[in-house]
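K.L.:
next input, structure requested:
(one chain, ligands or ions: 2)
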Amino acid sequence: MKTELITSDYIQEAVELLQHGRIVAFPTETVYGLGAVANDEHAIKRVYEVKGRPSDNPLIVHVSSRDISAYVNRVPEYTPALLEKFWPGPLTIICEAKADIFAPSVTAGRKTVALRMPNHATTLDLIERVGFPLVGPSANKSGKPSPSRAAHVLDDFFGQIEGVVYGENSGIGIESTVIDLTDPSGIVILRPGAITEADLKDFPLNISQSIELSENEPPRAPGMKYKHYAPRQPIYLIDSQSPDLWNKAIRKFKQEHYKIGILADDNLVECFERDVDKTYQLGAIEDAQSAAKYLYDGLRFFDKSDVDVILAQVYEKKGIGIALMNRLEKASNHTYFNQKD
Ligand code: TXA
Ligand code: MG
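P.N.:
Residues are numbered from 1 along each chain as shown. Ligands and ions are numbered 1, 2, ... in the order given. I've put the predicted structure just below:
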């Protein structure tokens, strides 16, 4: 199969492919999405198939306007104000879905639907022209790091989907914040992202509901239970800015004849780049936004490289650092390198 690389000047080509039931990836401010028209069951099934996505993990529907009345039933009374403030933007809301609007597989049998209006002019234009919302799970193979560049999408899907709308590198770099609006006790954050708890302070938040659920509880955002964002090598998180713990980890893995990669802030990389095989710089340690923007490119860089183990910097869990560490902890299966290791 031929995968067309489509620039915004030729967007009509993407429109026609989608209207004919094809799959076309599109850029957003968070990560690239794997697009198909959200009422085309056949196309949606193929999205699950090419992505390798479990059939119980529903997709986000991308809309081009804040008027969602055609898609949802009851919404809380603060919803218009919430959308006014954050849409278009990196916020996905879960609402009660109207029956028979979307193809059944979109919601994976749930009565709710996830909606997002991306902050990306080309993609909003694409949705408008198609005339119906588009599903857009992150355009990576299931389990792998999400794509923050068009090249990442091609790495995973070249020859397997009909098109990629070419865009610049994603400005935010990690997926949207997912919130559930269907809980009467208030907004529940199911996946942290660039829009933080603090940003949502003017709205009724239920912060007692934890994002990370226990093994036995049915997941509220089913995607949370799956392995995620991971390159092929093991990742060890290093919670220290001082060289001691890093030196210790490097010594240990060198003894085992491992090729070592370091994913860290600029200072740490400069400190250790002569001691290890490969490095990837995420920016200044205070700049978690930069680290989020480059995270998936860094993880994909190592995935393609010959290193055997990745040592990754821990960032402070505040602001977007919360979402950044959520992704890094999942990618590493919560593995921290300790003094006693
Ligand atoms: O930034 C983003 O959100 C990107 C871009 C492309 O928009 N998309 C994205 O999609 O990250 P995906 O499919 O990789 O993640 C969607 C998450 C999954 O964890 C899924 O389980 C959850 O949202 N989700 C979708 N529909 C849901 C629903 N009805 N109820 C609960 N969780 C839902
Ligand atoms: Mg994803």
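K.L.:
let me see the contact set for the residue lying closest to residue 1 once chain neighbours are set aside.
P.N.:
For residue 1, the nearest residue in space outside its immediate sequence neighbours is residue 159; the separation is 5.5 Å by Cβ to Cβ, 6 or more residues apart in numbering. In this view, the C-beta of every residue, glycine as well, is placed from N, C-alpha and C. Contacts were defined as Cβ atoms under 8 Å, 6 or more residues apart in numbering; by that measure residue 159 touches 1-3.
K.L.:
now do the buried residues in the strand or helix carrying residue 326.
P.N.:
Element membership of residue 326 [criterion: DSSP states H and E] is helix 320-331. Residues of helix 320-331 classed as buried by neighbour count (16 or more other Cβ atoms under 10 Å): 320-331.
K.L.:
quick check: buried residues in stretch 145-162?
P.N.:
145-150, 152-157, 161-162.
K.L.:
now, those residues that are in helices?
P.N.:
Counting by DSSP state H, the part of those found in helices is 150, 152-157.
K.L.:
wait, which of the residues you listed is closest to residue 200?
P.N.:
Using Cβ to Cβ, residue 152 is the member of those that sits closest to residue 200, with 29.3 Å.
K.L.:
residue contacts, the nearest residue in space to that closest one that is not next to it in sequence?
P.N.:
Once flanking residues are discounted, residue 152 sits nearest to residue 300: 5.9 Å by Cβ to Cβ, 6+ apart. Taking Cβ under 8 Å, 6+ apart, we find residue 300 in contact with 144-145, 152, 155, 231.
K.L.:
mind putting those residues in CSV, pLDDT and distance to ligand 1 included?
P.N.:
Supplementary listing: these in CSV, determined by pLDDT from 0 to 100; distance: Cβ to the nearest ligand atom, whole Å:
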residue, pLDDT, distance to ligand 1
144, 94, 11
145, 96, 11
152, 98, 12
155, 98, 16
231, 92, 17
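K.L.:
touching, residue 33 and residue 23? I think so.
P.N.:
No: counting by Cβ atoms under 8 Å, no contact exists between residue 33 and residue 23, whose distance comes to 10.6 Å.
K.L.:
neighbour-wise, which of these two wins?
P.N.:
For residue 33 against residue 23, the residue with the higher neighbour count under other Cβ atoms under 10 Å is residue 33, and the figures read 30 against 27.
K.L.:
state the pLDDT value of that one.
P.N.:
According to the model's per-residue confidence, residue 33 sits at a pLDDT of 98.
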